[in-house]
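S.K.: got a structure for you, letters missing:
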């Protein structure tokens, strides 16, 4: 904001210097006397007069912006009630008066410039007095007065150049000029003349600068009208500021000394003028003829004139930390605290924060916070403390040296020491919104300045908790609401924590600020382990509604940079689940989970036949989802919860199993809707751990007893327990995981096959009891058959039982096509390296052949015959001699018969004929000796 303070004045100085060059050129023109120079002089006069055209728009533009900030931007801040407070008659009168004054000012400005051209000193004073009559206008709105003030100041620049030129050409002495302007009858005009003449006088007699400034400041007290006095003192400050800027542009070492006074004396004069301007500004509050809202609005529009003194102080090149801490800040603090006006204290304190360098604030932070403790109730603390914290945050981000300076000054400790007293000093006037906004600014500053100090963030979260528990006022609506707390965390539009004394409205600014307080450290740290050190995190989280609690908990998991092992203790893991408890636990009012879930992935649901064209097979691939979450956000968040498995330290396998137990205990709280997403990753992690533990126990000298809690057998039993709960939610997923468990057990050479048989037995139970859809039955049965054929550690009796069960289920499938393909797969169960039962193998193929002949669709029947032929060829080449050649002949004969009936126009018939041709070519070229009799019988040689 400091740059914003200086920008308007720098433009003012630049224009002033430019116009000064023009005036010097015109002075030379007057001396030359040539006609061409006269024309040029008139053109210059026209260009200067163009600035007055803005006055013609004043009467037409009634709604202009007003001054709000110290950077000089005049923005309208009052609400729409401004028109309601001012009657139509008053508004019309203001417009009429403004129009007449602007017209008179335009005429007097032209006369003034003509007098300057004539070099008539007496006439110039007369015309200048008439120009200044515009500022003597009766009571008018500050916005309109500001417009007139700008136009008059533009003309006074010409008067200043004229006075300087008169003194330079020795037509009048500076002293005589200073005395003569005091003869002006009107006080306001006389003081403006004195300021201009004093500036010229100080430029000639620098040793008298101190006396002149003192004289000017004393005489400025003659204007007691608050608004007019403020503009007069603002003009004095701008003139002094321009003098300092000119010296600074000339690269002087000390601008105040070049002006004829020391830096300390310049500070004293500015502080003096600041105090008087502040008193005039506060007096505007006690104008009983206007309503309070209108008075506040007008004060907001002229506050820049008071802040101009502070910005000028900050621009002194001779100002240093010592002068600021010993002279400037104590005087400003005393003036701010003694005014006892909330608007003045708030604005001036903010000016101090924004105007002076950050290094000055760091050195006087304790004194500044002590001043804030003395501010009267009603002052916006969040604007002052928050603005200061924001500046410190930007300063800390600039460089390592800046951050080091912040740490050396003990900045956070000063905030921590004074903040409770500052908040308590405001009493009931301090709203919860102000407190939370202040704490958010301090949190962002702490994250930038102290990136590794988690304790500091925890302290700020503790302040927020204390503010919520103390029952700070949120809003009038919230105060009027009942303090009843509903047991259902998800019911109603508001929710209150068990520890809180306030009610947060849904979507309120207070709620959003608490969310930002909690998520800011997560976004900055991007580490779960650092976040877990925040002891007050979960307590503050409990003040939010369940929906927002879940959002913050999801942010904790989402912002973790890399999912590398970082949790090795049970206590740490339990603390993490406490932080994300809203994501893990099922709320009472949550929608019940739909238990009828058709197999999730449509790509794993086999059609009637794999080789049928897509346009022939019409299979619905719609995925059944919970109606509550169509966007998939719920699944995404629960996937983050499931990834907690990858955060666990895998160094010690025995302790890792204990962590898995804790994870499962917390995941069980999520209900069936969550466990179908979170339990599968845990299952795979346990299977991997069991295989690892088995390898470790097989090492010499590292035999673990079977009764050990972390043995491979116990881990597999843990998996069975986990899958039993998942079976109630998602039977298909549980069945697949049982088969995965069977494959994992098969890799371990246990003494018996009890565990392996148990995994298959439970898979069959799920198939029989939970799966009713025919398409899912077919696909899952193929998975069971394929897994059963892979394992090799089952006892013969158990293997026979499981394989016979598969044949039984294959024969009971709904469609003939499913029966045929499943029986072809079952035929391979009886022809393995550890079991070669040719008769049972051939029996399965014969049953598949009978099922295929029962199909009514010719295309489907032909493709099924080709599948049976391929399966028979594979088993025959593997050594199953029970498959005789007559069986091959019968199959090929049926294929040719069906394809001939379908004709050449059928795409399915062409596909079946092509597959048959490839099979015969294989017999002829690859295995001619085994199939010679068959080929001769078919006369295909």
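M.R.: Here it is on my side, so go on. Being a predicted model, the structure only gives us computed values, none of them experimental.
S.K.: Which parts of the stretch 51-200 of the chain are helices?
M.R.: Listed from the start of the chain, the stretch 51-200 of the chain has helices (DSSP state H, counting those that start in this stretch) covering 81-85, 88-118, 121-132, 142-168, 174-180, 187-204.
S.K.: Which of the ones you listed sits closest to residue 297?
M.R.: When the helices of the stretch 51-200 of the chain are compared by C-beta to C-beta, helix 81-85 sits nearest residue 297, at 6.5 Å. In short, each C-beta sits where N, CA and C put it, glycine included.
S.K.: coming back round to it: out of the helices of the stretch 51-200 of the chain, the one nearest residue 234 is which?
M.R.: Among the helices of the stretch 51-200 of the chain, helix 142-168 comes nearest to residue 234, with 8.3 Å by C-beta to C-beta.
S.K.: angle of that closest one against helix 121-132?
M.R.: Here helix 142-168 points in a direction 170 degrees away from that of helix 121-132 (axes from the mean of the first three to the mean of the last three C-alpha atoms, to 10 degrees).
S.K.: and helix 142-168, what does it pack onto?
M.R.: helix 2-32, helix 88-118, helix 121-132, helix 174-180, helix 187-204, helix 226-249, helix 292-314 (3 or more C-beta pairs under 8 Å, 6 or more residues apart in numbering; DSSP states H and E).
S.K.: Can you say which of these is nearest to residue 899?
M.R.: Among the helices and strands packed on helix 142-168, the nearest to residue 899 by C-beta to C-beta is helix 2-32 (88.1 Å).
S.K.: Show me the helices in the stretch 301-450 of the chain, by range?
M.R.: 321-323, 329-339, 342-355, 358-363, 365-373, 381-398, 400-408, 411-426, 432-449.
S.K.: thinking again about what came up before, lowest average confidence across the helices of the stretch 51-200 of the chain, which one?
M.R.: Comparing mean pLDDT across these, the weakest is helix 81-85, with a mean of 46.
S.K.: Distance to residue 305 and mean neighbour count for the helices of the stretch 51-200 of the chain - can I get that in TSV?
M.R.: Formatted as TSV, the helices of the stretch 51-200 of the chain follow (distance: least, C-beta to C-beta, whole Å; neighbours: other C-beta atoms under 10 Å):
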stretch	distance to residue 305	mean neighbour count
helix 81-85	21	13
helix 88-118	20	17
helix 121-132	18	20
helix 142-168	9	21
helix 174-180	25	17
helix 187-204	14	22
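S.K.: any idea where the helices of the stretch 601-750 of the chain begin and end?
M.R.: 633-642, 653-667, 671-698, 712-727, 731-746.
S.K.: Deepest-packed of these, please.
M.R.: helix 731-746 (a mean of 23; mean count of other C-beta atoms under 10 Å).
S.K.: Check which helices and strands that one sits against.
M.R.: Where contact means 3+ C-beta pairs under 8 Å, 6+ apart, helix 731-746 is packed against helix 671-698, helix 712-727, helix 754-769, helix 774-790.
S.K.: So what touches the second one?
M.R.: In this case it means helix 712-727. With contacts defined as C-beta atoms under 8 Å, 6 or more residues apart in numbering, helix 712-727 is touched by 657, 660-661, 664, 668, 675-676, 679-680, 682-683, 686-687, 689-691, 693-694, 697, 706, 708, 733-734, 737-738, 741, 744-745, 748, 750, 755, 758-759, 762, 766, 770.
S.K.: mind running it again at 7 Å?
M.R.: Applying C-beta atoms under 7 Å, 6 or more residues apart in numbering, the contact partners of helix 712-727 are 657, 664, 668, 675-676, 679, 682-683, 686-687, 689-690, 693-694, 697, 706, 708, 733-734, 737-738, 741, 745, 748, 755, 758, 766, 770.
S.K.: thinking again about what came up before, for the helices and strands packed on helix 142-168, which one sits closest to residue 569?
M.R.: helix 2-32 (50.4 Å).
S.K.: just for the stretch 701-850 of the chain, where's the confidence low?
M.R.: Along the stretch 701-850 of the chain, the model assigns pLDDT under 70 to residues 701-708.
S.K.: mind redoing it with 80?
M.R.: Along the stretch 701-850 of the chain, the model assigns pLDDT under 80 to residues 701-710.
S.K.: what's the spacing between residue 530 and residue 517?
M.R.: Using C-beta to C-beta, to the nearest Å, residue 530 is found at 16 Å from residue 517.
S.K.: okay, these two: which has more neighbours?
M.R.: Neighbour tally, residue 530 and residue 517, criterion other C-beta atoms under 10 Å: the higher count belongs to residue 517, 24 against 17.
S.K.: per-residue confidence for the more buried one?
M.R.: You'll see residue 517 listed with a pLDDT of 96.
S.K.: For residue 833, which of the helices of the stretch 51-200 of the chain is the nearest?
M.R.: helix 81-85 (92.6 Å).
S.K.: mind checking the SS state of residue 543?
M.R.: What DSSP: H, G, I helix; E, B strand; the rest coil gives for residue 543 is coil.
S.K.: I'd say it and residue 515 touch.
M.R.: No - using C-beta atoms under 7 Å, residue 543 is not in contact with residue 515, being 10.5 Å away.
S.K.: More neighbours: which of the two?
M.R.: residue 543 (24 against 17).
S.K.: and that one, backbone torsions?
M.R.: With angles defined as degrees, to the nearest 10, residue 543 sits at phi -80, psi -10.
S.K.: Output the helices of the stretch 51-200 of the chain as TSV; include the columns distance to residue 573.
M.R.: Listed next are these as TSV, based on distance: least, C-beta to C-beta, whole Å:
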stretch	distance to residue 573
helix 81-85	58
helix 88-118	70
helix 121-132	79
helix 142-168	64
helix 174-180	83
helix 187-204	74
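S.K.: that older thread, for the helices and strands packed on helix 142-168, which one sits closest to residue 824?
M.R.: Here helix 2-32 is closest among those (C-beta to C-beta), at 82.6 Å.
S.K.: Now do the contacts for residue 554.
M.R.: Residue 554 neighbours (C-beta under 7 Å, 6+ apart): 583, 637, 640.
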